[in-house]
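Colleague: Return a 3D structure for these sequence lines:
(4 chains)
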4 protein chains.
Amino acid sequence: MVIIMKHNATAQEIANAMKRVQELGFEPHPIIGEERTIIGVVGDERPVEPDVFDILDGVERTVRVLHPFKLASREFHPEGSVVRVNGTTLGTNQVIIMAGPCSIESREQLFEAAHAVQEAGATILRAGAYKPRTSPYSFQGMGLKGLELLKEVRDTLHLPTITEVMAPQEVALVAQYTDILQIGARNMQNFALLQAVGQIQKPVLLKRGMMSTIEELLMAAEYILSNGNARVMLCERGIRTYETATRNTFDINAIPVLKALTHLPVIADPSHGTGRWDLVAPIARGAVAAGADGLIIEVHPHPAHAMSDGAQSLKPEKFAQLVQEVKRVAAAVGRSA
Amino acid sequence: MVIIMKHNATAQEIANAMKRVQELGFEPHPIIGEERTIIGVVGDERPVEPDVFDILDGVERTVRVLHPFKLASREFHPEGSVVRVNGTTLGTNQVIIMAGPCSIESREQLFEAAHAVQEAGATILRAGAYKPRTSPYSFQGMGLKGLELLKEVRDTLHLPTITEVMAPQEVALVAQYTDILQIGARNMQNFALLQAVGQIQKPVLLKRGMMSTIEELLMAAEYILSNGNARVMLCERGIRTYETATRNTFDINAIPVLKALTHLPVIADPSHGTGRWDLVAPIARGAVAAGADGLIIEVHPHPAHAMSDGAQSLKPEKFAQLVQEVKRVAAAVGRSA
Amino acid sequence: MVIIMKHNATAQEIANAMKRVQELGFEPHPIIGEERTIIGVVGDERPVEPDVFDILDGVERTVRVLHPFKLASREFHPEGSVVRVNGTTLGTNQVIIMAGPCSIESREQLFEAAHAVQEAGATILRAGAYKPRTSPYSFQGMGLKGLELLKEVRDTLHLPTITEVMAPQEVALVAQYTDILQIGARNMQNFALLQAVGQIQKPVLLKRGMMSTIEELLMAAEYILSNGNARVMLCERGIRTYETATRNTFDINAIPVLKALTHLPVIADPSHGTGRWDLVAPIARGAVAAGADGLIIEVHPHPAHAMSDGAQSLKPEKFAQLVQEVKRVAAAVGRSA
Amino acid sequence: MVIIMKHNATAQEIANAMKRVQELGFEPHPIIGEERTIIGVVGDERPVEPDVFDILDGVERTVRVLHPFKLASREFHPEGSVVRVNGTTLGTNQVIIMAGPCSIESREQLFEAAHAVQEAGATILRAGAYKPRTSPYSFQGMGLKGLELLKEVRDTLHLPTITEVMAPQEVALVAQYTDILQIGARNMQNFALLQAVGQIQKPVLLKRGMMSTIEELLMAAEYILSNGNARVMLCERGIRTYETATRNTFDINAIPVLKALTHLPVIADPSHGTGRWDLVAPIARGAVAAGADGLIIEVHPHPAHAMSDGAQSLKPEKFAQLVQEVKRVAAAVGRSA
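Modeller: As a prediction, the model looks like this:
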């Protein structure tokens, strides 16, 4: 860290700050400037927060030097991680497409959706049994019955699956029915849940919170990694901004920023990233052109009758067209899809 | 709801949209404008999402008419709710002050803090045993040992307490040790947790997520209320914006907006709302002047040695001064404190 | 518009609101719901603001039905506009690349940059003579001398140019030296300037304000169009959000949203959209994959010695590589570049 | 500044960065950490941007140490500035209230409003003759005719006035008719306009841009101050956030932050800060409780017939009540009003 003293900090205050640096096990390196003194703090600053210095008399503010994450960092793991999921691999040169309905609604609906996305070229099926809903009056998902249907479809079609888990006590159960566990945007900083999925051996797709920074996303990944589960994938799904023309603002910048900072695969979710089905294809193409390792897309056989997220769900034929477009863009950037 | 058709919607598309309105159990009322047709949808729209109409051909967008919350709404409960907590009441003419350290760190620290805030005029003690931390490498709280200390202090000083609960499976345990359960900002949309605290009879302080709208806060309260627990208080604790001079932007507008929309008491947290101890007193005064029913403030006997949130913690003497200032402002707006 | 009355609005209040609708020349269509009455307002609502109804007793809020822009709208101009600039055309199937240094710094620097971008494949030269700078102590641009250099390079290399104009009284002057006038993000709602460029016949590139919605961008375009200048192009250049990993958040969603709402060409600026040279190429590829009609990119022969925006400027060889990548992506989406 | 080198920066890259520091006239002070080297840059960094170092090979990022503003800074001007306006002083212990209609609409309307606000206790009249409007189809203000009416009212009632100026070429004219020039939020970074008002001797109220940081506001003030005009006042008027319940989010934190950073008076605008008349009084009280030196409030004799901003305008009797409330709050924090 670097401690920036106030303009009018006294010699005593500077001495006290340096003493505190030493007490905490670091080495202080003062630099006397024309208007201010700064103190370089040498040592592994990660376990310490800037607060411990900010609160001292005469200190204006403290700036981190190191990234607060380590296991997620590319600095210590220069090669990209490859996550193996039941025959499919994520984080390779191939762009992986996950698709399926927002919610599992019935056996028929799920089979219809799964057939359609598989035929169109998706290699992983997404579908939710437990749904985080803003309103307690909205459909909350089929629960266990939905998980059973998901497993049936998975085994019948030989299609790996991803589904969301919402509470620590449900992790073990959900893990029995699916190949990938999804942590939703609203739970990105549900630390009890992060610890729980960190303690099992199952791939995890961690979605960025709708108002979380890239650094916070990596710190959330660090929770999972530091609990022992190395198979983590990150997902950009749009952030909340002042713009109301779209449900969220898809942060395409996050894709190359994450690829530079971390070795974990980066997946893009243009369905939540826009909230409008007619914008999904252009943003999917854009995400792949910018370097995404995969896509996760909502597809429903009959969006007008979907029990959730109908407005952002693609019909199967639109999805098939999207897959073809994405393949061409992937090829243009030297990848397959 | 109101369905706004596209400029070039066909008669067939309009007819289909009206048919869908009827299928879902509502009554359609079309209005043919010069450039567009709109369709008024009559009935209780709460269980339905605008998505069901947005996805139809020829529809541009759908606008809600009713607030999606009902139990939390002042429309159906014009009188303000009063929450009784072990001898203290919140939501009356008296402004209630809760204060104490961010984390419980030791028996000595907790007693020292509790004595100080009680003497200064606080009537409820806040202190955390389970701490949601951005980094897995930061102090995570004393856990059960902390709860035991909290209960000891509470019983010794006859000071009601509030502490955070982070996971559904811990609700019953934490409820045994404290008078008020706090749901932290990062868990405002942890629906499993909201349901769990909705199913016990214990006052709950629900903090607004740093990324949440006022409407989402009220919907989160609706989860608790609709599960059977009526003793809910809301807390404005600052939202995330582009401004970096402060940790969060305290949304003072939310105070009168909430007082108009809901009957639930509204508490202000100027410690998290600013992130800087030197800003806590002016924002506390401002919040009370704007109509807050209470304050929750971080106070630590030795902020420079706090294990969390040191930079926003007040020393006891600064807190005592704040209480006096707040009393004067409360009186100026016709309240006591 | 649709006026949504309060839950407890009286018959008198509803009658008054309807009377006010008529007074303003509209036709009121009330719909009596179970919990609330709404009033459809039929007529061209554009010149009126929702405020006129919001302020009435018993009114909760008023919702617009029509888009407030008309000349910029694709509804009334379904074909995309093509802007002709001295031999080049924007808004066709060909993706146009504008490139050059942030600031004009010297004759030598400008020629070197212009040669480099022209050779790499750019067809329009960008370079600033008047620079809007956050600090009064920063380099403010070469002014008239810069314009003269720009014209010399333009005439020598037969390369059309774009440069920024910052004040209404300078529009006529700047227009003599360049082919396209640029309105910078900070001036997007400088209405005096918009009127001034609306009154001459010269193509204008209007950059989205860093704090502006897509609708506000279209209303700013409407200022230019309604003053008589039809040759307007829009530019997405990143918006301000809470994320600090990048200088701005490039709003890729805005590209397909704008293409749907307006007939005006849409240009992407990945240099300002990211603020970091290492992110420019992936975002440029993403923008073209999502449907942008052109790119504007900062290129400097020696970024480390640039007098402004060095951190986001590409070296000529990196830019040449970007052009090749963009050509491949453009081909993948059925366009040329 | 402090240059933070990359984890894997080479000795050569560190040496090059230090050389560049020297070339630019600064003194480099390297600190070799365990994971990274940082370089302290000693000297007045204000004229230089972090970009000049960020672009160098091996540099991760550069952090400013000094505030980029100087004339506006309290560090160099510890006493608060007092701005004298025709008999009234701003920046003293007295809270000053400016009030009046958004737009000047007629002689009658302006006199009626002016009488009402003067009688209620306002000491400065606000009213706009040139109006920045999002839509070119909205009322743009009465212009010169409005200025003449403003002057007539001012001279008749002996009430100092404030009105907005929107273009550099109109500064001299507007200055003849009013006591204070207002720079609106949309023009906060209209640098040509800032320079123009910096070159005359007339008090200026500079409104914060709706998505500008506190630091940018102070840099905008620095433009005016460095051009020679010392009579600058700042105005917090709400910022743009994701929250849609209010038109803007009033950033009350900005009041004590500004009071700490600068010696310039700080005025609060709760009308724009909320956008709803029913929220104006609580936010006005809150702003004064938090330390604002004055208020600027929209009052219209007949808000339902206002030509702009009706929804946020107070009726005279509501305003009179607000003044009484504000006086009590001001007294509670040791000030008069």
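Colleague: For A:Gly310, report the pLDDT, please.
Modeller: Residue-level confidence at A:Gly310 comes out at 87, pLDDT.
Colleague: Is it correct that it is in contact with A:Val299?
Modeller: No. Counting by CB atoms under 8 Å, A:Gly310 does not reach A:Val299; the two are 11.6 Å apart. Any C-beta I mention is one placed from the backbone N, CA and C, and that applies to glycine too.
Colleague: So these two - more neighbours on which side?
Modeller: Legend: neighbour count by other CB atoms under 10 Å in any protein chain shown for A:Gly310 and A:Val299, higher for A:Val299 (29 against 24).
Colleague: Where do the domain boundaries of chain A fall?
Modeller: Using automatic domain parsing, the domain parsing of chain A gives A:2-63, A:74-332.
Colleague: Ends of the last one, what's the gap?
Modeller: As for domain A:74-332, its first-to-last residue distance stands at 26 Å under the measure CA to CA, to the nearest Å.
Colleague: Please apply the same query to the first one.
Modeller: The first and final residues of domain A:2-63 sit 5 Å from each other (CA to CA).
Colleague: Also stretch A:157-166?
Modeller: Taking CA to CA, the first and last residues of stretch A:157-166 lie 26 Å apart.
Colleague: mind listing what's buried in it?
Modeller: Neighbour-count burial for stretch A:157-166, counted by 16 or more other CB atoms under 10 Å in any protein chain shown, picks out A:159-166.
Colleague: burial count for A:Lys19?
Modeller: 12.
Colleague: coming back round to it: D:Arg126: which of the domains of chain A is closest?
Modeller: The stretch from those with the least distance to D:Arg126 (CB to CB) is domain A:74-332; that distance is 26.6 Å.
Colleague: from the chain's centre, how far out does the closest one sit?
Modeller: Taking the mean C-alpha point of domain A:74-332 and that of its whole chain, the gap between them comes to 9 Å (CA atoms, centre = their mean, to the nearest Å).
Colleague: What of stretch A:15-23?
Modeller: Between the centre of stretch A:15-23 and the centre of its host chain there is 38 Å, according to CA atoms, centre = their mean.
Colleague: List the buried residues of that stretch.
Modeller: A:16-18, A:20-21.
Colleague: when you scan it, is anything in it near chain D?
Modeller: No. Using CB under 8 Å from any CB of the partner chain, no contact is recorded between stretch A:15-23 and chain D, whose separation bottoms out at 12.3 Å.
Colleague: That stretch near chain B at all?
Modeller: Yes. With CB under 8 Å from any CB as the measure, stretch A:15-23 is seen reaching chain B through A:Arg20.
Colleague: So which residues make contact with that stretch?
Modeller: A:3, A:5, A:27-28, A:30, A:39, A:41, A:52-53, A:56-59, B:304 (CB atoms under 8 Å, 6 or more residues apart in numbering or on different chains).
Colleague: Of those residues, just the buried ones, ChimeraX syntax please.
Modeller: Typed into ChimeraX, the line below selects the buried ones among these, using 16+ other CB under 10 Å:
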select /A:3,5,28,30,39,41,52,53,56,58,59 /B:304
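Colleague: mind putting the contacts of stretch A:15-23 in TSV, distance to chain D and pLDDT included?
Modeller: Rendered in TSV, the data for these read as follows (distance: CB to the nearest CB, whole Å; pLDDT from 0 to 100):
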residue	distance to chain D	pLDDT
A:Ile3	11	96
A:Met5	10	96
A:Glu27	9	95
A:Pro28	10	96
A:Pro30	9	95
A:Ile39	10	96
A:Val41	9	95
A:Val52	18	92
A:Phe53	15	95
A:Leu56	17	95
A:Asp57	15	95
A:Gly58	14	96
A:Val59	13	96
B:Ala304	20	90
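Colleague: Columns secondary structure on top of the contacts of stretch A:15-23, output as a markdown table?
Modeller: Listed next are those as a markdown table, based on DSSP: H, G, I helix; E, B strand; the rest coil:
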| residue | secondary structure |
| --- | --- |
| A:Ile3 | strand |
| A:Met5 | strand |
| A:Glu27 | strand |
| A:Pro28 | strand |
| A:Pro30 | strand |
| A:Ile39 | strand |
| A:Val41 | strand |
| A:Val52 | helix |
| A:Phe53 | helix |
| A:Leu56 | coil |
| A:Asp57 | coil |
| A:Gly58 | coil |
| A:Val59 | strand |
| B:Ala304 | helix |
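Colleague: Tell me which of the domains of chain A lies nearest to D:Val266.
Modeller: Checking the domains of chain A against D:Val266 by CB to CB gives domain A:2-63 as the closest, at 20.3 Å.
Colleague: Run through the helices of chain A in chain order.
Modeller: Counting by DSSP state H, chain A has these helices, from start to end: A:11-23, A:51-54, A:107-120, A:144-157, A:171-177, A:191-198, A:214-226, A:254-261, A:270-274, A:277-289, A:316-332.
Colleague: Can you tell me which of the ones you listed is most buried?
Modeller: helix A:270-274 (a mean of 29; mean count of other CB atoms under 10 Å in any protein chain shown).
Colleague: Could you list every helix and strand in contact with that one?
Modeller: Helix A:270-274 is packed against helix A:277-289, strand A:294-298, with contacts defined by 3 or more CB pairs under 8 Å, 6 or more residues apart in numbering or on different chains; DSSP states H and E.
Colleague: of these, which approaches chain D most closely?
Modeller: helix A:277-289 (19.0 Å; CB to the nearest CB).
Colleague: was I right about A:Gly275 contacting A:Thr249?
Modeller: No. Proximity of A:Gly275 to A:Thr249 does not meet the contact threshold set by CB under 8 Å, at 10.1 Å.
Colleague: hey, what's in contact with both of these two?
Modeller: A:Gly238.
Colleague: Those two: which is more packed in?
Modeller: With other CB under 10 Å as the criterion, A:Gly275 and A:Thr249 differ in neighbour count, and A:Thr249 comes out ahead with 26 against 21.
Colleague: list the contacts for the more buried one?
Modeller: A:238-241, A:243, A:273, C:239, C:241, C:249, C:251, C:253.
Colleague: Quick one: name the residues of the stretch 51-200 of chain A near chain B.
Modeller: Proximity of the stretch 51-200 of chain A to chain B is confined to A:51-52, A:54-56, A:68, A:132-138, A:166-170, A:186-187, A:189-193 under the rule CB under 8 Å from any CB.
Colleague: out of the helices of chain A, nearest to B:Pro316?
Modeller: Distance to B:Pro316, taken as CB to CB, is lowest for helix A:51-54 among those, at 18.3 Å.
Colleague: For the closest one, C-alpha coordinates in PDB please.
Modeller: In PDB, the C-alpha atoms belonging to helix A:51-54 read as follows (Å, rounded to 0.1, in the frame of the first residue of the first chain):
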ATOM      1  CA  ASP A  51      -8.900   1.400   6.800                       C
ATOM      2  CA  VAL A  52      -6.100   0.600   9.300                       C
ATOM      3  CA  PHE A  53      -4.100   3.500   8.000                       C
ATOM      4  CA  ASP A  54      -6.900   5.800   6.800                       C
END
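Colleague: Residue numbers of the stretch 101-250 of chain A in contact with chain C?
Modeller: Within the stretch 101-250 of chain A, the positions adjacent to chain C are A:211, A:213-215, A:239, A:241-246, A:249-250 by CB under 8 Å from any CB.
Colleague: run the last query once more with 6 Å
Modeller: For the stretch 101-250 of chain A, the contact set with chain C under CB under 6 Å from any CB of the partner chain comprises A:213-214, A:241, A:243, A:245-246, A:249-250.
Colleague: got a winner among the residues you listed for most neighbours?
Modeller: With neighbours set by other CB under 10 Å, the maximum within those is found at A:Phe250, which has 32 neighbours.
Colleague: Next up, the contacts around that one.
Modeller: If a contact means CB atoms under 6 Å, 6 or more residues apart in numbering or on different chains, then A:Phe250 has A:238, A:273, A:283, C:252-253 as its contacts.
Colleague: Now pLDDT too, for the residues you listed, in TSV please.
Modeller: Listed next are the contacts of A:Phe250 as TSV, based on pLDDT from 0 to 100:
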residue	pLDDT
A:Gly238	98
A:Gly273	98
A:Ile283	98
C:Ile252	98
C:Asn253	98
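Colleague: Could you identify the most distant pair in those?
Modeller: Checking these against each other with CB to CB, the farthest-apart pair comes out as A:Gly238 and C:Ile252, at 10.3 Å.
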